[in-house]
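[1] no sequence on this one, just coordinates:
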């Protein structure tokens with residue numbers, strides 16, 4: 001699982017969308033026509049993209065690395081980071097849910113599930129350990145006050 005850290009989360013998300021599309025295209029998928037899935041998908045994608053770009057902009061403004069494995073120069077705790085310790089991942093997760101709803105088929109929901117597990121079990125623990133070492137008590141207080149996802 002640690003090898004997963006060599007890949008960037010947006011690339012993982014993009015690959016999962018392609019796999020989900022393939023699953024939907026090549027399998028006899030059950031559709032989700034009983035709900036307004038296109039509206040839900042659109043709202044999820046727009047919300048996710050907005051959250052992700054907001055968080056990305058805060059990192060740029062703080063002049064700190066966006067790549068999870070790069071050196072962190074600053075601890076960002078305001079804006080989107082007051083709501084979630086991982087708003088970029090949250091945004092990507094919402095985009096994946098939106099894509100799954102837009103595809104309108106059950107197999108597409110494997111993409112957000114796999115993304116969530118890989119971020120929650122590999123990337124987030126790695127990043128949080130790095131932040132604990134780098135920012136000590138400041139990060140500990142922040143982590144105490146702010147939820148991991150929502």
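    Structure's in. What do you need? Given the structure is predicted, the values throughout are model-derived calculations rather than measurements.
[2] Give me the pLDDT for the most centrally placed residue in the chain.
    Nearest to the mean C-alpha position of the chain, by C-alpha atoms, centre = their mean, lies residue 89 at 2.0 Å. Listed pLDDT for residue 89 reads 98.
[3] which SS class is the residue nearest to it when sequence neighbours are not counted?
    Leaving out its chain neighbours, the residue that sits closest to residue 89 by C-beta to C-beta, 6 or more residues apart in numbering is residue 119, at 4.7 Å. No exception for glycine: its C-beta is placed from N, CA and C like everyone else's. Secondary structure, DSSP: H, G, I helix; E, B strand; the rest coil: residue 119 is helix.
[4] Find the helix or strand that the residue nearest to the centre of the chain is a member of.
    Secondary structure assignment for residue 89, by DSSP states H and E: helix 87-103.
[5] Give the other helices and strands that that helix contacts.
    helix 9-26, helix 37-61, helix 110-118 (3 or more C-beta pairs under 8 Å, 6 or more residues apart in numbering; DSSP states H and E).
[6] can you redo these as JSON lines with distance to residue 96, mean neighbour count and mean pLDDT?
    Shown next, in JSON lines, are those (distance: least, C-beta to C-beta, whole Å; neighbours: other C-beta atoms under 10 Å; pLDDT from 0 to 100):
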{"stretch": "helix 9-26", "distance to residue 96": "6", "mean neighbour count": "16", "mean pLDDT": "89"}
{"stretch": "helix 37-61", "distance to residue 96": "8", "mean neighbour count": "16", "mean pLDDT": "95"}
{"stretch": "helix 110-118", "distance to residue 96": "4", "mean neighbour count": "19", "mean pLDDT": "96"}
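[7] Lovely, talk soon.
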